[in-house]
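# only the shape, not the letters, is given here:
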């Protein structure tokens, strides 16, 4: 049989995805990895696929310590995480760096599916103001910790909301960051999320939106429909959106454009820019699609905006 040799390293953890014919020897394989890699303390094997809204997968410890809380470094920043409870992919480090370096100091960034902060923390360190959100309560917990560990609390603010609702609240100027909990406080702190009850008086002028949920982020773009009240936004001021997506085949751009325009409810004003992030499998690719929401679809009067928000709230309640 083919000897397993490739694995992902996350701090002191080695992540394997063993084939079925190797499973009878999984504990031996794990023990050999521990003996040959002195910095590793825990060996885990993936069970099943990512099929839940938090982007995490089942795993089993096949050798070493039952400790999945670890620390990684990227771009000079430290990130703590529990690999069993949150999403992390070390192969995306180059993409984290690429996108963040396109942001100008002083810009405002909306990170809709922020995870534990691999985009948010470096962007804040680049003197951007970052509103970072994740639906997974465990991701939010580590996001708060990583904001504090990297000393960017004055420029990065964490939220624990549904992604579509987060986009709409931000566009409507109703996000009000609360204070982060003290470092080392309760294991699961109260979400630092606040939504203003009163009508907004000025827009939150964010310049970029990051949507890193490749399996379904394109469909989340429906949240941009009539999300920007005309009294707060105007043509030419809408943000640039960077949405990640998986695609199959060779000529992926037409398919991805069609999916994006279907979610937005109409054609783009200008062609989207495509950046191939990596090959996930022989016939599966990951792309970053950068575009500006179509003005006629994104801007909406207060009445239409309220109607869309009510429909969104009804959908969230039903789910």
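Okay, I see it. Every value quoted in this text rests on a predicted model; they were computed, and no experiment measured them. Residues are numbered from 1 along each chain as shown.
# any idea of the pLDDT on the nearest residue to residue 82 once chain neighbours are set aside?
In this structure, residue 82 finds its nearest non-sequential neighbour in residue 69, 4.8 Å apart by Cβ to Cβ, 6 or more residues apart in numbering. All C-beta atoms are positioned from the backbone trio N, CA, C, and that covers glycine. On pLDDT, residue 69 comes in at 96.
# could you do residue 75 as well?
The model's pLDDT for residue 75 equals 87.
# correct me, but it touches residue 122?
Yes: Residue 75 lies in contact with residue 122 (Cβ atoms under 8 Å); the separation is 4.9 Å.
# quickly list what's touching both of the two.
96-97, 100 (Cβ atoms under 8 Å, 6 or more residues apart in numbering).
# just the ones of those residues in helices?
Judged by DSSP state H, the shared contacts of residue 75 and residue 122 include 96-97, 100 as members of helices.
# now do the contacts for residue 2.
Contacts of residue 2 (Cβ under 8 Å, 6+ apart): residue 19.
# can you do 7 Å?
If you count contacts by Cβ atoms under 7 Å, 6 or more residues apart in numbering, residue 2 has none.
# now the helices for this structure?
Counting by DSSP H, the helices of the chain are 26-36, 93-100, 120-125, 137-149, 163-171, 217-220, 253-264, 295-298, 302-318.
# tell me which of the ones you listed is the most buried.
Most buried of the helices of the chain by mean neighbour count (mean count of other Cβ atoms under 10 Å) is helix 120-125; its value is a mean of 26.
# please compute how far stretch 234-241 lies from its chain's middle.
In terms of Cα atoms, centre = their mean, to the nearest Å, the centre of stretch 234-241 is found 21 Å from the chain centre.
# which residues are contacting it?
Taking Cβ under 7 Å, 6+ apart as the rule, stretch 234-241 contacts 206-209, 211, 228, 290-293, 295, 298.
# I'd like these as TSV, with pLDDT and distance to residue 14 appended.
Shown next, in TSV, are the contacts of stretch 234-241 (pLDDT from 0 to 100; distance: Cβ to Cβ, whole Å):
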residue	pLDDT	distance to residue 14
206	93	38
207	96	39
208	98	34
209	98	34
211	98	30
228	94	45
290	98	34
291	98	38
292	97	42
293	96	41
295	94	49
298	95	45
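# among those residues, which one lies nearest to residue 34?
residue 211 (37.8 Å; Cβ to Cβ).
# count the neighbours of that closest one for me.
24 (other Cβ atoms under 10 Å).
# that one is in contact with residue 218, isn't it?
No: with contact defined as Cβ atoms under 7 Å, residue 211 does not count as touching residue 218 (8.3 Å).
# next, show the common contact partners of these two.
residue 243.
# show me the contacts for residue 211.
By Cβ under 7 Å, 6+ apart, the neighbours of residue 211 are 112-113, 217, 220, 241-244.
# thanks a lot, catch you later.
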